[in-house]
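A.B. asks: got a sequence here, can you model it:
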Amino acid sequence: MRSRALALAGGLSLLIALVAGMATAQPSRTVRHAVAGRASAAQAAQTTLACAGGSGPIQHVIYVQFDNTHFTQDRPNVASDLQQMPHLLNFLTSNGTLNTNDHTILISHTAGGILSSLTGMYPDRNGQTVSNSYFYYPPTGIPAFSTSFKYWTDLVDDATGSRDPLPNMVTDGQKNTPAPWVPFTRAGCDVGGVGTANIELENTGTGQFGDMTQVFGAGSPEWQEAQTANAQPPGPARTIAQTDFVGIAIHCSVGGGICADPANAPNVRPDSLPNEPGGYTGFQGLFGAKYVNPAIAGGSACASDTAGQPIADPAGQCGFPGFDGMLAKNTLGYIADMQEAGVPVTYGYISDAHDVHVPNPTLDTYQSHANGPGESEPTPPGGYVGQLKAYDDAFAAFFQNLAAHGINKSNTLFVFTVDEGDHVAAGTGTPQPDGTLAYAHTNCTVMTACPANQLGEVNADLKLLLPAGEPAFTVHNDDAPTVYVNGQPARTDPGVRQLERDMGNLNVPDPYVNNGQSVPLTGALADTVEEQTLHMVNTDPRRTPTFTLFANPDFFLTANGTTPSCGANPCVSPGFAYNHGDIQPEIATTWVGMVGPGVAKRGIDSGTWTDHTNLRPTILTLLGLHDDYTQDGRVLIEDLTTQATPPALRAHRQTVRQLSSVYEQLNAPFGQFGMDTLVASTRAIKSTDDAVYNGIEDQIASLTTQRDALALQIRDALNAATFDGQPLNQQQAKGWIAQAQSLIAQAHSLSQG
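C.D. replies: Numbering: from 1, shown residues only. A predicted model of the protein is given here:
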């Protein structure tokens, strides 16, 4: 979910400070430098994408990333999210491949999941090691709050740049992470963005390095509109700048495309990427619905949803409907309008279907609340069941409309995926006569007295659960809270060690287990050593958490020191019920579906282990395009036709598959190596014996160093085979496989003590 982690990450005082500094944020979410021009020249010769001058069959690319949308059933008697969208599910399984063994990254949230998919890089290389928001250490040593959701070139400290001058999207060498639209626009293709993390404006911040400043410039008419709107009281006048400029964008190729249309010329602005490998000059874009809508809707100020109705914000103002308003009908409507207007590559985000995005004033106690699996409401929007039905109707209209305009599986690469999975914090729903389920949407403050059909995460305040005398600290509120101890002390600091042990030994009552009896709160612990292993340490040293607590997934943890509704005891809040960020299989396991030329028709592929970083290289391989950096992922050759598989990966295919598989188990956050070292890390951190702690930590650090060196060799070889045609040396590959298996075995042995 885009909104919740941002709104709750630092407590009310931090939210107020964030709003004051950034204005209207979204409501209630080793670079390989190429010689300039090399990539575009290579792409023009091999691409299958028509707008890039290719002779292949692909004329369109449609990429959609859902928020919190599940393939597996959350309750045995309730159809899964995808099962309740049969028009999408059948499209994927009948015409291509639906991989149901995909995995997210850590920390597993909307921003991190989307951005790893877009870039093909793990969070340590795209910057979002903690999302949807995070803390960093300014010179004072007191953790400061920032949000992951910013335009691609924004800084950590948007207001002044002095507290942390590095990019929010930071990569190797502390440079700005390469932008995902670049290989398309360089090759001659316009790229549209619809609510997809950080490729459009994310807020109307007018700070020195804020979104409006970065794209439009301080003092521009757009910047002035945002300044004026941000000073208004809540209401349409305050939200108009977000409606006009946030969430919608088109990145244009040079000399052609939609930006070259004279009618759009007054609204075009520079598309600036000063750190882009290989250079990026002369490119322009249209930013915001105010300028994009007329360009894709025949001059109209309104784009249309899949039912042909104007897309508007909650106040009825045409434009971006808000991130909570990215319902399937709105996102798919924007994508269709862009595609039909000649924007051949589009990225879209769809809000989760579990939460009420349009509150029912008669029924809703909360401005937003969760629906339990299988739950319905008597009036629109119809709860969980009704929203998924509306999503399915939108997909039916979407595919029909595209086909009427000649956009179909024969000439379009369709990619659908999800940012993360969820653990449902709820009891057993009460069956209703119509086959739906009902849940209790009330606060429950006595864990042993919660009803059997209770819905909602268990809220607990760590500062109230811990003994007195702990060092001052801040947490990124979460099911998997990252902990930042004031002053950024070393991991071996006695106060840090005591805090880790105390958190690791907490027991709390859980209404969903043993009738409210106490259960261990902590599932796993990672300090800076294991965070490095899990790709949770980026090149900005100010952002590294002191340690991370992966909790019982029924819980959402804060550390405000005051929780009026709960006091010192946990309580259930029905406002949210779908927890993620954590390490449980239902959170870690996601899905990705592809249809189009070059995609094998395998139906459901549950056997191929994959994760988010593999999506980028697979898409670029199908299109014959090439990034100017090395991705962390590998091509999903299992789900491609032989003809679409790069020739260097066809040779010794079995060895390539073995190497790819062991590479993932060695390097992916949810691979066996990462999960086994996390078990060992937990034992070390909870130990009261410094010799045990130091011994295990040293072994994890040594194994990670060896892992990183080997993974780099495998990664570079797979990238070179995929994009540069350099065949793998079979004997060398077999040696790497043996080394990887040895490291994985050593990590497993360490996990067993």
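
A.B. asks: what's around residue 423, how many residues?
C.D. replies: When neighbours are defined as other C-beta atoms under 10 Å, residue 423 has 22 of them. Every residue, glycine included, has its C-beta placed from N, CA and C.

A.B. asks: again, but for the one 3 residues further on
C.D. replies: Residues within reach of residue 426, counting by other C-beta under 10 Å, total 27.

A.B. asks: also residue 227?
C.D. replies: By the other C-beta under 10 Å criterion, the neighbourhood of residue 227 contains 16 residues.

A.B. asks: and it, what's its pLDDT?
C.D. replies: For residue 227, the pLDDT comes out at 97.

A.B. asks: again with the one 4 residues further on
C.D. replies: With respect to pLDDT, residue 231 has a value of 96.

A.B. asks: just residue 134 next, same as before
C.D. replies: In the prediction, the pLDDT value recorded for residue 134 is 98.

A.B. asks: now residue 16
C.D. replies: 31.

A.B. asks: what segments of the stretch 451-600 of the chain are helices?
C.D. replies: Using DSSP state H, counting those that start in this stretch, the helices found in the stretch 451-600 of the chain span residues 462-465, 494-504, 528-533, 585-588.

A.B. asks: what's the closest of the ones you listed to residue 742?
C.D. replies: Judged by C-beta to C-beta, the one of the helices of the stretch 451-600 of the chain that comes nearest to residue 742 is helix 528-533, at 16.5 Å.

A.B. asks: distance from that closest one to the middle of the chain?
C.D. replies: 21 Å (C-alpha atoms, centre = their mean, to the nearest Å).

A.B. asks: ok, back up a step: of the helices of the stretch 451-600 of the chain, which shows the lowest average pLDDT?
C.D. replies: helix 462-465 (a mean of 94).

A.B. asks: before we move on, back to that, just name the most buried of the helices of the stretch 451-600 of the chain.
C.D. replies: helix 528-533 (a mean of 22; mean count of other C-beta atoms under 10 Å).

A.B. asks: so what touches that helix?
C.D. replies: Helix 528-533 is touched from outside by 124, 129, 491, 526, 537, 544-548, 673-674, 677-678, 681, 697, 700-701, 703-704, 707, with contacts defined as C-beta atoms under 8 Å, 6 or more residues apart in numbering.

A.B. asks: pLDDT of stretch 706-722, averaged?
C.D. replies: On average, stretch 706-722 scores 97.

A.B. asks: my bad, should have said stretch 267-281
C.D. replies: 95.

A.B. asks: ditto for stretch 507-521
C.D. replies: 92.

A.B. asks: go through that stretch and flag the buried ones.
C.D. replies: Along stretch 507-521, these residues count as buried under the neighbour rule (16 or more other C-beta atoms under 10 Å): 508-512, 516, 519, 521.

A.B. asks: re earlier: residue 642 is nearest to which of the helices of the stretch 451-600 of the chain?
C.D. replies: Comparing the helices of the stretch 451-600 of the chain against residue 642 with C-beta to C-beta, the closest turns out to be helix 585-588 (30.9 Å).

A.B. asks: CA atoms only for the closest one - export them in PDB, please.
C.D. replies: Written as PDB, here are the backbone C-alpha positions of helix 585-588 (Å, rounded to 0.1, in the frame of the first residue of the first chain):
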ATOM      1  CA  PRO A 585       6.000 -16.900   2.600                       C
ATOM      2  CA  GLU A 586       2.600 -15.300   2.000                       C
ATOM      3  CA  ILE A 587       4.300 -11.900   2.000                       C
ATOM      4  CA  ALA A 588       7.400 -12.900   0.200                       C
END
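
A.B. asks: where in this structure is pLDDT low?
C.D. replies: Residue ranges of the chain with pLDDT under 70: 1-46, 358-368, 378-381, 563-565, 567.

A.B. asks: and it, what are its domains?
C.D. replies: Taking automatic domain parsing as the criterion, the chain consists of the domains 2-29+31-413, 430-577, 646-751.

A.B. asks: relative to residue 631, which of the ones you listed is closest?
C.D. replies: Proximity of the domains of the chain to residue 631 was assessed by C-beta to C-beta; the nearest stretch is domain 2-29+31-413, lying at 3.3 Å.

A.B. asks: what's near enough to touch residue 703?
C.D. replies: Contacts here follow C-beta under 8 Å, 6+ apart; on that basis residue 703 touches 533, 673, 677, 743, 746-747, 750.

A.B. asks: ok, now how distant is it from residue 633?
C.D. replies: 22 Å (C-beta to C-beta, to the nearest Å).

A.B. asks: okay, which residue is most central for the protein?
C.D. replies: Within the chain, one residue has its C-alpha closest to the average C-alpha position: by C-alpha atoms, centre = their mean, that is residue 113, at 2.5 Å.

A.B. asks: quick check: residue 751 touching residue 673?
C.D. replies: No: under the criterion of C-beta atoms under 8 Å, residue 751 is not in contact with residue 673, lying 9.9 Å apart.

A.B. asks: return the residues in contact with residue 505.
C.D. replies: Contact partners of residue 505, counting by C-beta under 8 Å, 6+ apart, are 522, 686.

A.B. asks: one more time with 7 Å
C.D. replies: Going by C-beta atoms under 7 Å, 6 or more residues apart in numbering, residue 505 touches residue 686.

A.B. asks: how close does it get to residue 582?
C.D. replies: Between residue 505 and residue 582 the distance is 19 Å, computed by C-beta to C-beta.

A.B. asks: ditto for residue 342
C.D. replies: Computed with C-beta to C-beta, the distance linking residue 342 and residue 582 is 43 Å.

A.B. asks: can you check residue 85 too?
C.D. replies: For residue 85 relative to residue 582 (C-beta to C-beta), the value is 25 Å.

A.B. asks: then residue 650?
C.D. replies: Using C-beta to C-beta, one gets 39 Å for the distance from residue 650 to residue 582.

A.B. asks: repeat that for residue 627.
C.D. replies: Distance from residue 627 to residue 582, counting by C-beta to C-beta: 31 Å.

A.B. asks: please apply the same query to residue 636.
C.D. replies: 26 Å.

A.B. asks: same deal with residue 710?
C.D. replies: Here residue 710 is placed at a distance of 28 Å from residue 582 (C-beta to C-beta).

A.B. asks: more neighbours, these two?
C.D. replies: Remark: of residue 710 and residue 582, residue 582 carries more neighbours, 26 against 19, as counted by other C-beta under 10 Å.

A.B. asks: who's in contact with that one?
C.D. replies: For residue 582, the contacting residues are 108, 423, 479-480, 550-551, 553, taking C-beta under 7 Å, 6+ apart as the criterion.

A.B. asks: tally of neighbours for the nearest residue to residue 160 once chain neighbours are set aside?
C.D. replies: Computed as C-beta to C-beta, 6 or more residues apart in numbering, the closest residue to residue 160 that is not its neighbour in sequence is residue 208, at 5.8 Å. A count of neighbours around residue 208, defined by other C-beta under 10 Å, yields 15.
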